[in-house]
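[1] sequence and predicted structure are below.
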Amino acid sequence: MPRPVTLFTGQWADLPLVKLAPLARKMGYDGLELACWGDHFDVDAAAGSAKYCREKWALLADHGLSCHAVSNHLVGQAVCDLIDERHRAILPADVWGNGDPEGVRRRAAKKMITTGEAARAFFDAKPGKSGGQAAAVVNGFTGSSIWHSLYAFPPTSAEYWERGFSDFAKRFGPILEAYDKLNVNFALEVHPTEIAFDTATAQRAVAAIKGHKRFGFNYDPSHLGYQGVDYVGFIRALGRRIFHMHVKDVWWGHGDGSVGVFGGHAGFGDARRFWDFRSPGRGDIRFEDIIVALNDAGYAGPLSVEWEDVRMDRVHGATEAAAFVRQLDFTRSTLAFDAAFDKKNQ
């Protein structure tokens with residue numbers, strides 16, 4: 001069966017879910033990847049109220065939609081980050097508290113555990129589920145105490161970077177242990193500013209947490225392509241740890257040469273930029289190669305559109321994207337095409 005085509009709601013949090021759900025169905029989606037901000041998915045309510053979970057599923061079902069993952073990128077970012085005033089704008093008030101950096105990091109870690117509890121309760125309440133308890137998926141960020149030192153002077157030592165990975169393991173280890181007890185997988189979206197932002201750092205992050213089975217990835221090729229990272233090679237290297245994926249496109253090499261890879265302090269849509277996110281199918285990502293590699297890796301989860309294109313109306317773009325992804329996907333063959341040459345198969 002083709003994989004479900006879902007829409008990540010993070011960029012639509014200005015719309016209440018009661019309005020977004022029918023719109024998503026109209027645009028052609030099978031389900032939603034619910035963001036834990038706006039009113040789309042309240043982790044405290046879901047963790048503490050079976051009624052809340054039932055009502056959320058009922059709202060989705062009323063519009064023919066399902067859900068396969070929840071995403072808490074904003075809180076996850078604060079677990080390992082060097083906290084500053086920018087975080088206040090994205091964090092819940094109870095996580096920000098008085099803004100003391102270490103306090104923020106600890107409250108963010110606690111909230112990520114609550115997110116796992118909420119995901120478990122929510123997916124256990126899914127109507128019509130059959131069989132045993134499937135692993136729930138929480139997508140998100142980790143933040144990083146060493147991203148700022150990526151290209152730094154004075155020079156950064158290998159020991160400094162190692163302390164960053166050790167800090168990640170110390171802070172995310174308890175979260176992963178809690179997720180293991182809950183039967184929940186955490187999927188890091190590999191992304192600049194995170195502890196893992198390319199294939200090499202993703203592998204190093206896995207090693208830092210000693211290969212913990214609950215740590216994997218929300219694969220998004222857009223964050224790899226413009227960096228020059230082999231985004232198909234990422235699947236070949238780490239495909240068994242891909243718990244979820246985002247369909248998001250990007251183009252690069254379209255600027256005027258005055259702005260480098262990491263942006264030149266030029267906002268999205270600035271024609272000088274080296275790269276910009278594009279609506280799926282309109283950028284430089286080779287999605288055909290990705291589908292083949294995902295099939296080879298055995299990935300059976302949703303294809304979740306994270307729609308970002310500052311130059312395009314979002315309803316037009318997200319509608320176009322749903323159709324693009326549906327046409328793109330195909331099921332892996334269960335037999336060799338040349339098997340029919342063998343007489344015993346004729």
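    Nice, I can see it. Residues are numbered from 1 along each chain as shown.

[2] use CA for all of it now, contacts and neighbours both
    Noted.

[3] residue 8 touches residue 302, doesn't it?
    No - Residue 8 lies out of contact with residue 302 (Cα atoms under 8 Å); the separation is 10.8 Å.

[4] pLDDT below threshold where in the stretch 201-346 of the chain?
    Along the stretch 201-346 of the chain, the parts satisfying pLDDT under 70 run over 335-343, 345-346.

[5] so which residues of it form strands?
    For the stretch 201-346 of the chain, the strands defined by DSSP state E, counting those that start in this stretch occupy 215-219, 242-247, 249-252, 275-278, 303-305.

[6] pairing partners for the longest one, with directions?
    Each strand that strand 242-247 pairs with, and the sense of that pairing, follows from DSSP bridges: strand 215-219 (parallel), strand 303-305 (parallel).

[7] dump the first one to PDB, keeping only the CA atoms.
    In this case it means strand 215-219. Extracted in PDB, the C-alpha atoms of strand 215-219 (Å, rounded to 0.1, in the frame of the first residue of the first chain):
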ATOM      1  CA  PHE A 215      16.900   7.600  19.200                       C
ATOM      2  CA  GLY A 216      16.500   8.000  15.500                       C
ATOM      3  CA  PHE A 217      15.700  10.600  12.900                       C
ATOM      4  CA  ASN A 218      13.000  12.600  11.200                       C
ATOM      5  CA  TYR A 219      14.600  12.600   7.800                       C
END
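
[8] and the nearest residue in space to residue 52 that is not next to it in sequence, how far from residue 262?
    In space, not counting the residues next to it along the chain, residue 52 is nearest to residue 46; the distance is 5.9 Å by Cα to Cα, 6 or more residues apart in numbering. To residue 262, residue 46 is 37 Å away according to Cα to Cα, to the nearest Å.

[9] residue 291 too?
    28 Å.

[10] neighbour-wise, which of the two wins?
    Shown here are residue 291 and residue 262; by other Cα atoms under 10 Å, residue 291 has more neighbours (19 against 13).

[11] if we can go back for a sec, looking at the strands paired with strand 242-247, which is closest to residue 271?
    Taking Cα to Cα, strand 303-305 is the member of these nearest to residue 271, at 24.3 Å.

[12] ok, residues contacting that closest one?
    Applying Cα atoms under 8 Å, 6 or more residues apart in numbering, the external contacts of strand 303-305 come out as 3-8, 32-33, 244-248, 318, 321-322, 325.

[13] kindly reformat the strands of the stretch 201-346 of the chain as TSV containing mean neighbour count.
    Rendered in TSV, the data for those read as follows (neighbours: other Cα atoms under 10 Å):
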stretch	mean neighbour count
strand 215-219	25
strand 242-247	24
strand 249-252	22
strand 275-278	24
strand 303-305	26
